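> Here is a sequence with its predicted model. Questions after.
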Amino acid sequence: MKVLLIGSGGREHALAWKIAQSPLLEEFYAAPGNPGIADHATLVSLNVEDHAAVIAFAKEKAIDFVVIGPEAPLVAGLADDLRAAGIATFGPSKAAAQLEGSKGFTKDLCARYDIPTGAYQRFKTAEPAKQYVREQGAPIVIKADGLAAGKGVTVAMTETEALAAIDECFDGAFGAAGAEVVVEAFLDGEEASFFCLSDGKTALALATAQDHKRVGDGDTGPNTGGMGAYSPAPVMTSAMVERTMKEIIEPTISGMAKDGNPFSGVFFAGLMITAKGPELIEYNVRFGDPECQVLMMRLKSDLLPILYATATGTLDKVEAEWRDDAALTVVLASKGYPGAYDKNTPIAHIPDASEEAKVFHAGTALKDGRLVATGGRVLNVTAFGKNVTEAQTRAYALTDKVEWENGFCRRDIGWQAVAREKA
Ligand SMILES: Nc1ncnc2c1ncn2[C@@H]1O[C@H](COP(=O)(O)OP(=O)(O)O)[C@@H](O)[C@H]1O
Ligand SMILES: [Mg+2]
C-alpha cells in the first residue's frame, strides 16, 4: 500500500513509526512531516491547506491511502475532497468533524440522543448568557463554540469570573470561534480520554489515556496543548468502559448516522467520571497529542489495516490488540511555553530508542544540518513499564539524557496513577 500521512507533530511521528512497521506498506510519504518522521517516510513540502495540491500529489504518486492527523485540515474538509477524488482517506468529513469544531453541535447531539453531559445553553449574545449564569450560579463553565487551540474554556469558580469570560468571548478573544458561547454545568470528578474508531456504523474501542494540560507540576499554571500522558487510565475500569460504550459512544455513532453525518475516523471522548458515572465533556475527531504516542507504544496489532478498515467501512472485520504494559510520555517544551519562547535553539543530543523507550519529534527542524527546536512542544519521551510507576521512571531516565538547554518538562507526569499504585 502507498500511504501519505498529513501532519507534523509528535502524534504524526508516533503514527509514522507504527505505520512504518506494517508489512503492507510499500511507499510512505508525509506532508509536511518533521525530522523524526523523516526516519520512516519521504517528506513532501505540500501546503496542506491547498487541497487541490494534495490531491494532485496523491494522484501523481498513485497513493492508495491518506491518513490525516490534525483537526484543522479535517474541519477544513480535506477528507471530503480526497474522497471525492476517489482516494481512500482516514479522517472524518467536514460535517462529522463538527463534533470537535462546534461544542454547541455536540451538546445538541447529546440532548437529542440522551447522552449524559452537563446541562447547558447556547448563546449568540452576551446579555442572555450572563442572565443564565446569574440564574445558575457558580461554579459554571464558559466555552467558546469553535476551535480555540485549547484556550476557549473557562471553568469559573465565581460568577464574576464567568461574566468576564463571556465578555472575553464576545469581545473577540477567540475570533470567530467565540461568536457563539456554550454555558454548561460544572461536573465534578476525575477526567479520562476514551479513544474509539468508527467507520460510520461500527465503533471499535481502542484504549484509554489521561493527559496533563497544565504547564506546571501539581497541575498548576496555564493550560497547554498537553505536557504528558499515560495509558491506560486506571479510572476507566472495565465496567466504566462498558458504560461509556453503551451510554455515550454507541448513541453518538448511531445519532451521527441518523442525522446524515456518519462519523468515519478516530475520535476521543473527553470524559468526566462523576458520582453518576461517565459524562461527556467534549469530543475530538483525531488522535490526541500526546495521547497518541502512548497508544501507539501499547498497540500490538498492525495499525495500517485497522486504519484502512476504518476508512473503507469494514471495521467489524478487524481487532486491536494491546500490550498490558503501561506507557507514559513526557513532553519537552521550549522554556517560556505556552507563552513566548525562543525559536531555533539547538538540540545537541537525542538518546537512541530502546525496546522500552522512544523519543518522538514534535516541533523540531533541521537547519544547516543541525537539529533545532522550532515549536512550543518539541520532543515526547515515551516509555513502557509493567505499571505507570515503572514507565515514569524509565521515561524520566531517558528525558535526562536529552541535551537541549532551552528545554523544560514537568517532573510529575502520571502522578495520579503513581499515587494509586503506591496506595
Ligand atoms: N463541564 C465541565 N465541568 C468541569 N470541568 C470542565 C467542564 N468542561 C470542561 N472542563 C475542563 O476544561 C477542560 C477543557 O474543556 P474542553 O471542553 O475539553 O475544551 P478544549 O479541550 O477544547 O479546550 C477540560 O479538560 C476540563 O478540565
Ligand atoms: Mg479537551
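Great, that's in hand. Ligands and ions are numbered 1, 2, ... in the order given.
> interface residues of the stretch 101-250 of the chain facing ligand 1?
118, 141, 143, 150, 152-153, 155, 184, 186-187, 191 (C-beta under 6 Å from any ligand atom). All C-beta atoms are positioned from the backbone trio N, CA, C, and that covers glycine.
> Tell me the one of these nearest residue 364?
The shortest approach to residue 364 among these belongs to residue 150, at 20.9 Å (C-beta to C-beta).
> can I assume the closest one is in contact with residue 223?
Yes. At 5.7 Å, residue 150 counts as touching residue 223 under the criterion of C-beta atoms under 8 Å.
> Touching, residue 161 and residue 141? I think so.
No. Taking contacts as C-beta under 8 Å, residue 161 lies outside contact range of residue 141: 10.7 Å.
> shared neighbours, the two?
Taking C-beta atoms under 8 Å, 6 or more residues apart in numbering as the contact rule, residue 161 and residue 141 both touch residue 154.
> quick one: which of those two has more around it?
The residue with more neighbours, out of residue 161 and residue 141, is residue 141; 20 against 17, by other C-beta atoms under 10 Å.
> The more buried one falls within a helix, correct?
No. Using DSSP: H, G, I helix; E, B strand; the rest coil, the assignment for residue 141 is strand, not a helix.
> Go ahead and confirm it touches residue 188.
No. Judged on C-beta under 8 Å, residue 141 makes no contact with residue 188 at a distance of 11.5 Å.
> who does the helix or strand where residue 165 lies touch, helix- and strand-wise?
In the assignment (DSSP states H and E), residue 165 maps to helix 159-170. Helices and strands touching helix 159-170, as assessed by 3 or more C-beta pairs under 8 Å, 6 or more residues apart in numbering; DSSP states H and E, comprise helix 126-136, strand 140-144, strand 153-156, strand 181-185.
> Quickly compare these and say which is most buried.
Burial of those is given as mean neighbour count (mean count of other C-beta atoms under 10 Å); strand 140-144 ranks first at a mean of 24.
> tell me the mean pLDDT over it?
When pLDDT is averaged over strand 140-144, the result is 97.
> what ranges do the strands span in the stretch 151-300 of the chain?
Assigned by DSSP state E, counting those that start in this stretch, the stretch 151-300 of the chain shows strands spanning 153-156, 181-185, 190-199, 203-211, 214-216, 220-223, 228-231, 264-274, 277-284.
> of the helices and strands packed on helix 159-170, which approaches residue 6 most closely?
Among those, the nearest to residue 6 by C-beta to C-beta is strand 140-144 (25.5 Å).
> before we move on, back to that, point out the most buried one among the strands of the stretch 151-300 of the chain.
Scoring the strands of the stretch 151-300 of the chain by mean count of other C-beta under 10 Å, the most buried comes out as strand 228-231, with a mean of 30.
> Can I get it in PDB? Just the C-alpha atoms.
What follows is strand 228-231, C-alpha atoms only, in PDB (Å, rounded to 0.1, in the frame of the first residue of the first chain):
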ATOM      1  CA  GLY A 228       2.400  14.500  29.100                       C
ATOM      2  CA  ALA A 229       0.100  11.500  29.100                       C
ATOM      3  CA  TYR A 230      -0.200   7.900  30.100                       C
ATOM      4  CA  SER A 231      -2.200   4.800  29.200                       C
END
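> and it, what other elements does it pack with?
For strand 228-231, the elements it packs on are strand 203-211, helix 291-298, strand 326-334, helix 388-399, judged by 3+ C-beta pairs under 8 Å, 6+ apart.
> again, 6 Å this time
Applying 3 or more C-beta pairs under 6 Å, 6 or more residues apart in numbering; DSSP states H and E, we find strand 228-231 packed against strand 203-211, helix 291-298, strand 326-334.
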